[in-house]
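Undergrad: below is the structure, and that's it, no one-letter string:
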C-alpha cells in the first residue's frame, strides 16, 4: 500500500490582509516578539490562508488578532488581490480586505503587543512599518477613500 504524502505548499503562500478602519483612522498593530517574522513592526491584520475562502480567513484573522467579530463590524469589503515579492523574492498572493468598526478598543492576541489608530495621512510618522504595508494600504483606494501612500511612506 502506497503512502499518500500531502503536497508541500510552494514558497510564497497566500495570505489575507485586513485593513481595519474607524472614524477616518486605521488600526496599526505592532507584531510581538513571539511571532516568526517582522517582530516589533507595525502592520494591519494578516494571516495565512487556511481555507479556500479568503473572506472566511479574513473574518477569522480579524477575530483572532483584534477580538472583533462580524457583529462588531459596520462594513467588510474585499479589495484587490496583490502579488507581492518579499526580500527573498518569493511572491506572496495577498487577498486584501477593508473592515470598518465603531469599536475603539481591541483585544489583541499573542501575535501583537500594541495597537494604535492612525490617520492615513500621518503614516510617515510611524516608524518601523512592515515593508508591504504601503502596498496594501494603497490598494485600499479601490475600496475606500484612503489617501495614497507615498513611496517614502512604504518603509
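TA: Okay, I see it. All values reported here derive from a predicted model rather than from experimental measurement. Numbering: from 1, shown residues only.

Undergrad: low-scoring stretches of this protein, by residue?
TA: 1-12, 142-155 (pLDDT under 70).

Undergrad: who are the packing partners of the longest helix anywhere in it?
TA: Using DSSP state H, we find that the single longest helix of the chain is helix 54-66. Packing contacts for helix 54-66, counted by 3 or more Cβ pairs under 8 Å, 6 or more residues apart in numbering; DSSP states H and E, involve strand 14-22, strand 25-31, strand 45-48, strand 73-85, strand 91-101. (Each C-beta comes from the backbone N, C-alpha and C, glycine too.)

Undergrad: mind listing what's buried in it?
TA: By 16 or more other Cβ atoms under 10 Å, the buried positions in helix 54-66 come out as 54, 57-59, 61-63, 65-66.

Undergrad: stretch 15-25 too?
TA: 15-22.

Undergrad: hang on, the earlier thing: how about the helices and strands packed on helix 54-66, which one is nearest residue 141?
TA: Between residue 141 and the helices and strands packed on helix 54-66, the shortest gap by Cβ to Cβ is with strand 73-85, which sits at 9.1 Å.

Undergrad: residue contacts, residue 26?
TA: Contact analysis of residue 26 by Cβ atoms under 8 Å, 6 or more residues apart in numbering lists 19-20, 44, 117-120, 137, 146.

Undergrad: farthest pair in these?
TA: Counting by Cβ to Cβ, the most remote pair of the contacts of residue 26 is 44 and 119, 15.0 Å apart.

Undergrad: so how do I select the buried members of the contacts of residue 26 in PyMOL?
TA: Typed into PyMOL, the line below selects the buried ones among those, using 16+ other Cβ under 10 Å:
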select buried, resi 19+20+44+120+137+146
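
Undergrad: what's the angle between the longest helix of the chain and strand 14-22?
TA: 60 degrees (axes from the mean of the first three to the mean of the last three Cα atoms, to 10 degrees).

Undergrad: show me the contact partners of helix 54-66.
TA: Contacts for helix 54-66 (Cβ under 8 Å, 6+ apart): 14, 16, 18, 20, 27, 29, 45-51, 68-70, 73, 76, 78, 81, 95, 97, 99, 106-109, 111-112, 115.

Undergrad: please spell out the ChimeraX selection for the buried subset of the residues you listed.
TA: Here is the ChimeraX command that selects the buried residues among these (16+ other Cβ under 10 Å):
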select :16,18,20,27,29,45,46,47,49,68,73,76,95,97,99,106,108,111,112,115
